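Visitor: Sequence and predicted structure below; questions after.
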Amino acid sequence: MRFKLASLLSTSLLIAACGGGDRAIDGARNIPNRFGSTINALDDFSTGSTGDSSNAKGLKANEVRVTMEVPVNFAPNGEPTRRNLRIVVPDRIQVYRTNHSLQKLNDVEHTIDTGEDGHFIVDFKNGLPIGPDVVIEATWNGNGGITMKALAADSDRDVKVNPFSHYVVEEVLGNKYQANDFQTVMDCVNDTGGGLCLNKYVWSTLADQVHDFEIDIPSGANLATALDSLKNRADFATYVDDLADYALLNESAAGSIKASSADYNSVYFGLELGETLQSDGAPSAGQWGLRTTQEEDLTDNGKAFLYPALTLTTFDAFGLSVTSLATDMPYDRQTVTHTPDNRFITEIWLPNSHSSSPGAATLTPKSSADDLKPARLLAGRALYQTITYPSDSQTVGWTRNPYYFDAFTTKPINTKTGPDRVLASYFTAGKAISLSTQGNQLKRSNTLENHYLSAFELHLLRSDNFDLAKVEGDFNVVYLAGSFGGDTPVAFETGTGTLNAGSASDNELSAGITASTFTISRSSSGTTSTAPGTEIRSLSIANRRSKLSTGSRFMGRLSLCSTCPDTDYTKPDFGQGAASPDGSLLAFNLDDSSWGDGLLIAGKAPLASLQSDNRYRVQGALLSMSGSANELQQLNGGALTFTSNTTAQLTAKQFNVSHSVSDAQVNGPEGSEITETFTYTTTPNGQLSLMSTTSGLELDGFYTGEADQIFLTVKDSSASTPRTGLLIATLIPE
């Protein structure tokens, strides 16, 4: 039973999609310099998969395949694969049980055989390991020799032994965990005390998803320098650290969505800073990018649409209740490259998709029928690759790194209906890669872009038949938008103020917006400037129909436009968005609006006051431009604490991405920490203003709901490095 349960949850909930399926496997036999029928992610790029490959075909129930990947310096003639590694068949492997000190303890009952493809196959006699206590160690004797480790608990059963897996073993077990931490996770793995601790399955997620990271190991690296390069990648190191902390949550924190399935309208905004590369991999230019969610016409004639969505599902198996989540968010993308000689090249890209593979998540704290409460939704997320075809002669593959998802959810509406919103911001990186055809497969060629992305996701529960009258009344509002091209090739604007919505008639209402704005811009000569301003604008909000298999209906999707003659299935001139079922929170993707592309959030007055002992998780993006550099910062794992009725403190870790204009070099993400002390003021309708006591940083916006959600724009007009941005602060349940 142990294997059957672990296998079911691993494949159904903690999915790491395989790299191409049977067709790709069959085609691989015709490729030279390969180990039989095994898959190499270098020449196995496909949609509907993550960046990793899987070699699980043909394995029996309790078997795993071992694939060793070494830095190129150790096996220059080995089979090339992605991330500047080489595939080799190890000279020796060992399988053993270990502890937090990485001691080799008692044997794990197993056999080791060599498969037809030349790789080692391990058969675990008592079922597949699911915890961090079983390690596979592989040794390659070429060029001085190298020995690396990997957790055996890998959800796709293709155990890759390489610097990424070795980092997890050494960093988590060897450095992070103390004896009591290791005992906690092993108690969960073994279900001591008769509980049903689902966080045991974090390990199969972690062991698998570290191989989705698109991080190149430096040429000439030994094991120590390879590990250092991973430790210095703040997004990778933080992801591993977050998943290790996630595993420490005990069984009382593993809750589930009350509804069997809850569907959400999604508003997604991505702010990116990256670099374009030359054919030899040298940097060409820095690049800003904006991504905004757009519905996708699947038929090109308005007959069927794919709507940006999140689905939360309660999954029941063997008496276990688990929350599974999946997202599918089509988006449009605009970029502007900034060359060392201050040329600016704007581009509108083909529609693309930001989709996460289905997987298990944890709600903490648990809510019972008698004690419904807000919660955090936690998960390690893997994103699917996509392919676009800009021309008949070019194919571009897009691959994206995993990330740790730490989202706020409101308390469930009732015991049968899930929370009405899921709110989060996170950081992820990825690549655009030129693909070439090799037989019936797509092979990775040169990298076209490295991009680093601050993402915002606002998921609002779909309504059965949304009534636009719920949007009537007064809202507080914030927005962040960017615009590229023209005499001012780069500009970012934030605004904070009010939105006053009139009475609904014929599924449309007027909406007057008044906002104080702050703009950072770069001229065509390369100089930067800042400007405060005021925005007063009359707009309309329209109920937007959705075409579903059950017919057309209003399900909470909205259009934002200067005039809305017919926006059910056509593009409004300001943007598309959604409303929570009660109309208390609105979110819009601004798309080709007069403000540019971005995100607008509006919330009604709060139902409670800020409390001095409340702590909020702070997530979001800050950006800056100076004469010599562009910078993007993601606040990750921050905490905003209101220490009194007039003071607050922000402490946060952040990822820093920087672009040096003169040499076109983009560095990052590097880790740093921020600490700011603020004085703050509020108004009865929920407006909030925080002013730093030590710097020029100002945060302005509003709080809403039970004072458990805060949305803030960033303003720092200092002459050297002016900054702006958008932050989401949501209650941390104690």
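Guide: Received the coordinates, thanks. Not measured: the values here are computed from a predicted model.
Visitor: Residue 171 contacts residue 243, correct?
Guide: No. Assessed by C-beta atoms under 8 Å, residue 171 is found out of contact with residue 243, at 11.1 Å. The way it works is simple: take the backbone N, C-alpha and C, and place the C-beta from them, glycine included.
Visitor: Those two: who's more crowded?
Guide: More neighbours surround residue 243 than the other of residue 171 and residue 243, with 23 against 18 (other C-beta atoms under 10 Å).
Visitor: From residue 164, how far out is the closest residue to that one other than its chain neighbours?
Guide: Of all residues not flanking residue 243 in the chain, residue 206 sits nearest, at 4.5 Å (C-beta to C-beta, 6 or more residues apart in numbering). From residue 206 over to residue 164 the distance is 11 Å, taken as C-beta to C-beta, to the nearest Å.
Visitor: One more: residue 479?
Guide: Counting by C-beta to C-beta - residue 479 and residue 164 are separated by 39 Å.
Visitor: One more: residue 541?
Guide: Distance from residue 541 to residue 164, by C-beta to C-beta: 47 Å.
Visitor: now do residue 331
Guide: From residue 331 to residue 164 the distance is 28 Å (C-beta to C-beta).
Visitor: what's the answer for residue 385, then?
Guide: Taking C-beta to C-beta, one finds residue 385 at 18 Å from residue 164.
Visitor: Same question for residue 554.
Guide: 47 Å.
Visitor: Neighbour count for these two, which is higher?
Guide: Higher neighbour count among residue 554 and residue 164: residue 164, with 27 against 19, using other C-beta under 10 Å.
Visitor: on that earlier part again, mind pulling up the pLDDT for the residue nearest to residue 243?
Guide: Listed pLDDT for residue 206 reads 95.
Visitor: That one - how many residues pack around it?
Guide: By other C-beta under 10 Å, neighbour count at residue 206 equals 27.
Visitor: so what does the host helix or strand of it touch, helix or strand wise?
Guide: Assigned by DSSP states H and E, residue 206 belongs to helix 202-209. In terms of contacts (3 or more C-beta pairs under 8 Å, 6 or more residues apart in numbering; DSSP states H and E), helix 202-209 is packed against strand 146-151, helix 163-168, helix 234-246, strand 375-381.
Visitor: ranking the ones you listed by mean pLDDT, which is last?
Guide: Among the helices and strands packed on helix 202-209, strand 375-381 scores lowest, at a mean of 91.
Visitor: Alpha carbons only: can I get it in CSV?
Guide: Coordinates of each C-alpha in strand 375-381 appear next as CSV, following Å, rounded to 0.1, in the frame of the first residue of the first chain:
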residue,chain,number,x,y,z
ALA,A,375,-5.1,31.0,4.8
ARG,A,376,-1.9,30.8,2.8
LEU,A,377,-1.9,28.5,-0.2
LEU,A,378,1.6,27.1,-0.5
ALA,A,379,3.2,25.0,-3.3
GLY,A,380,6.2,24.4,-5.4
ARG,A,381,5.2,25.2,-8.9
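Visitor: do you know how far the one residue sitting closest to the centre of the chain is from residue 517?
Guide: Centroid-nearest residue in the chain: residue 403, 4.6 Å away (criterion: C-alpha atoms, centre = their mean). Using C-beta to C-beta, one gets 30 Å for the distance from residue 403 to residue 517.
Visitor: Equivalent analysis for residue 365, please.
Guide: With C-beta to C-beta as the criterion, residue 365 and residue 517 are 39 Å apart.
Visitor: Looking at these two, which one has more neighbours?
Guide: Neighbour comparison, residue 365 and residue 517: the larger count goes to residue 517, with 20 against 15 (by other C-beta under 10 Å).
Visitor: who's in contact with that one?
Guide: 493, 494, 495, 532, 533, 534, 535 (C-beta atoms under 8 Å, 6 or more residues apart in numbering).
Visitor: Compute the inter-axis angle for the helix holding residue 206 and strand 146-151.
Guide: Interaxial angle of helix 202-209 relative to strand 146-151 (axes from the mean of the first three to the mean of the last three C-alpha atoms, to 10 degrees): 140 degrees.
Visitor: What ranges in this protein fall below the confidence cut-off?
Guide: 1-38, 192-196, 250-260, 315-321, 366-372, 415, 567 (pLDDT under 70).
Visitor: Tell me where it has helices.
Guide: Using DSSP state H, the helices of the chain run over 2-12, 21-28, 163-168, 179-190, 202-209, 223-231, 234-246.
Visitor: For the longest one, which helices and strands make contact with it?
Guide: Under the contact criterion of 3+ C-beta pairs under 8 Å, 6+ apart, helix 234-246 touches helix 202-209, helix 223-231, strand 375-381, strand 403-409, strand 421-438, strand 629-642, strand 647-660, strand 665-682.
Visitor: Columns distance to residue 571 on top of these, output as CSV?
Guide: Formatted as CSV, the helices and strands packed on helix 234-246 follow (distance: least, C-beta to C-beta, whole Å):
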stretch, distance to residue 571
helix 202-209, 36
helix 223-231, 43
strand 375-381, 29
strand 403-409, 29
strand 421-438, 25
strand 629-642, 28
strand 647-660, 31
strand 665-682, 32
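Visitor: Single out the most deeply packed of these.
Guide: Of all the helices and strands packed on helix 234-246, helix 202-209 has the most neighbours on average by mean count of other C-beta atoms under 10 Å, namely a mean of 28.
Visitor: what's the angle from that helix to strand 403-409?
Guide: 130 degrees.
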